[in-house]
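[1] Sequence first, then the predicted structure:
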Number of protein chains: 2
Amino acid sequence: MIEPHSSIASRAPAGAGPLVVGVDVGGTKIAAGVVDGRGHVYGRVKLPTDTARPEMTLQSIAAGITAALHAAEVSPSHISGVGLGIPGKVDPEHGIGLLSVNLGWQDVPVKHWLEEALGLPCVVENDVSAATLGESLYGVGRELGGLANLVYLSLGTGIAARAMIEGRLYRGTNGLAGEIGHAIFVPGGPLCRCGARGCLEALAAGPALVLQAQEEIQAEGDSLLQELLDRSPKPTAELVFEAATRGDNLARQILAEAGSHLAHAIYLLAVAFDPQVVVLGGGLAQVEGPLIEAIQFGVAQWAEQSPVFREVLDPGVVRLSALQQDAGILGAAALVAVKG
Amino acid sequence: MIEPHSSIASRAPAGAGPLVVGVDVGGTKIAAGVVDGRGHVYGRVKLPTDTARPEMTLQSIAAGITAALHAAEVSPSHISGVGLGIPGKVDPEHGIGLLSVNLGWQDVPVKHWLEEALGLPCVVENDVSAATLGESLYGVGRELGGLANLVYLSLGTGIAARAMIEGRLYRGTNGLAGEIGHAIFVPGGPLCRCGARGCLEALAAGPALVLQAQEEIQAEGDSLLQELLDRSPKPTAELVFEAATRGDNLARQILAEAGSHLAHAIYLLAVAFDPQVVVLGGGLAQVEGPLIEAIQFGVAQWAEQSPVFREVLDPGVVRLSALQQDAGILGAAALVAVKG
């Protein structure tokens, strides 16, 4: 059930200094690792998220933490705290998961429950905020020096952005700054799980790409995409990527359109935040490919049309995450250092 | 040539404490005043901006400063510095006006020239940044306490926004954070003075409203709007406001459409910054009226469609400037305190 995430340097060396555990809680997987003060991750593990009931989810999280400690061969007594990135709306001050559609959570006392269960101090943050912090401290942001203006755009099952403003995470007044996944891009467009129509997430997130593929193969008839979808019991956006890479026209069209909406989002984030970089992270931005190409193409078009923002939208501005899946673990771990 | 801005409390009382001069440099008018540490403005003056050559403009600015000191009955020896808000792109560190379409400026050494001319230390900032600081420190922001997240949207000859992030002005990496006036809202739309097509400024700023009125009366024939425009040698957006208030349908349509674009801009700024308030300032937002009503109506519609942002777009969020024309003077004055 528990997959070791990497077999290299799994064990934390003796004398690695103060250690914390970072946990990235997703709707389908929980990733955890033991992190030292320089941002090295030891004992990475990944396990499925049990979303049957909130208490089961909390038990999955506790199991992930224990498994990471085991894989890193570290005793809990050497751990100064646990940082957790959780999807949806979070109250970081009280450590409560206020609302998460993916986890089916409402007002779950994460910090309290885990501190009781593990005997370790816990800090809770929104998952995209945690990944933004991770990318800023240990990924693309580290290359830019300490006080970067960085926008992190997470593309996966959901879509959300967060900004680092002069080296500090900006959450906004209601914790919603950068929640561009639920900004309406096509009024009256496809229904989003938030209840609105035409949100960016309903146009370009993973489930939206699969839905478009399923709807359009019925209209268009035979295609490689249809073949791949028919073979898969639980189709994911990766199938659309695969079909596009293998030249399927319908898949390429779907990704071109999603990329165009995402480029528009990046343009609007650039107008608002004038960042040094926009980092693309999350499951849909793991590797270069047709979606990333479509995004880069769209951003270049906006730059060409907008003389004022041409320097903001320089070709090097949009970059893939340097940390990928570790961004969430490292950012969550950094919360412990930041907060305690 | 010099109009006293207000006849009340013009003279600075003896013992008013440390005094600075704040100057708001516009494309047509320069407003200046003497400001004390509590944000009281004395000796307000307004004079026309001479934009024939950069040196003439600098002479107008110096004349404005001298006139304000005279009106406040304050000797330059009691002034600790001068703060200036200037349209366009500014290098605050070196006090240079890098680029201003309205002033016809490129690389003008404002700080150096004025310090030589006046013998007083000068600080230079973008005009919308200065007004944002003023509104935050002495206007709507003061009512919210010290660490507000506030977006200021300036609506006049130009359109631009700036954000206060947890009580600090955020300029962005290239000084362009919040330059939403040059974000393209209607691809292929009307030509903007920045060279792009369909910028918000080309759709909803003062000159755009006049241009739309002139173009559309030719198509539509007789109207009150036409009568007002014909009578005016140099028509302004105020005529469109007047016609709309008096029931002219064409004028109401023009303002409804501009208001709808501005509401969209406010929605996007709210998604990015999740602010406590969005303050509307500048010449087009002096009083309630058909444009402000159209904006409020549009924002309410976005709120209704977007459950996630409903709390961000609460009816009280969009507010008119509490300081109006003093925002620029007070913010510019505050730069002196902030910087030195």
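    Good, I have the coordinates.
[2] what about the helices in the stretch 1-150 of chain A?
    Secondary structure of the stretch 1-150 of chain A (DSSP state H, counting those that start in this stretch): helices located at A:54-72, A:110-118, A:127-138, A:140-143.
[3] Starting from residue A:137, give me the distance back to residue A:39.
    Distance, residue A:39 to residue A:137, by Cβ to Cβ, to the nearest Å: 7 Å. Where you see a C-beta, it was placed from the backbone N, CA and C, and this is true even at glycine.
[4] Show me the strands in chain A, by range?
    A:3-4, A:19-25, A:29-35, A:41-48, A:79-86, A:89-91, A:96-100, A:105-108, A:122-126, A:150-155, A:159-165, A:168-170, A:277-281, A:318-320 (DSSP state E).
[5] Output the ones you listed in TSV; the columns should cover distance to residue A:270 and mean neighbour count.
    Converted to TSV, those look like this (distance: least, Cβ to Cβ, whole Å; neighbours: other Cβ atoms under 10 Å in any protein chain shown):
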stretch	distance to residue A:270	mean neighbour count
strand A:3-4	37	12
strand A:19-25	27	28
strand A:29-35	30	28
strand A:41-48	31	22
strand A:79-86	25	26
strand A:89-91	26	20
strand A:96-100	29	20
strand A:105-108	33	18
strand A:122-126	22	26
strand A:150-155	8	28
strand A:159-165	11	27
strand A:168-170	15	20
strand A:277-281	7	26
strand A:318-320	9	19
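[6] mind checking which of these is nearest residue B:109?
    The closest of these to residue B:109 is strand A:159-165. By Cβ to Cβ, the value is 29.9 Å.
[7] does any bit of the closest one sit next to chain B?
    Yes: using Cβ under 8 Å from any Cβ of the partner chain, strand A:159-165 reaches chain B at A:163, A:165.
[8] other SSEs contacting that strand?
    Taking 3 or more Cβ pairs under 8 Å, 6 or more residues apart in numbering or on different chains; DSSP states H and E as contact, the helices and strands that strand A:159-165 lies on are helix A:127-138, strand A:150-155, strand A:168-170, helix A:200-204, helix A:249-273.
[9] Adding mean pLDDT, write those out as a markdown table.
    A markdown table is the format used below for the helices and strands packed on strand A:159-165 (pLDDT from 0 to 100):
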| stretch | mean pLDDT |
| --- | --- |
| helix A:127-138 | 96 |
| strand A:150-155 | 97 |
| strand A:168-170 | 95 |
| helix A:200-204 | 97 |
| helix A:249-273 | 97 |
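[10] what residues are shared contacts of residue A:39 and residue A:137?
    Counting by Cβ atoms under 8 Å, 6 or more residues apart in numbering or on different chains, the contacts common to residue A:39 and residue A:137 are residue A:330.
[11] show me the residues around residue A:126 that make contact.
    With Cβ under 8 Å, 6+ apart, residue A:126 has these contacts: A:85-90, A:92, A:162, A:171, A:175.
[12] Flag every residue of the stretch 101-250 of chain A that's near chain B.
    A:149, A:163, A:165-166, A:170-180, A:182-184, A:187, A:194-197, A:199.
[13] Mark which of those are buried, thanks.
    Of the members of those, the ones counted as buried by neighbours, 16 or more other Cβ atoms under 10 Å in any protein chain shown, are A:149, A:163, A:165-166, A:170-180, A:182-184, A:194, A:196-197, A:199.
[14] Tell me the residue of the stretch 1-150 of chain A that sits nearest chain B?
    residue A:149 (5.0 Å; Cβ to the nearest Cβ).
[15] Noted, bye for now.
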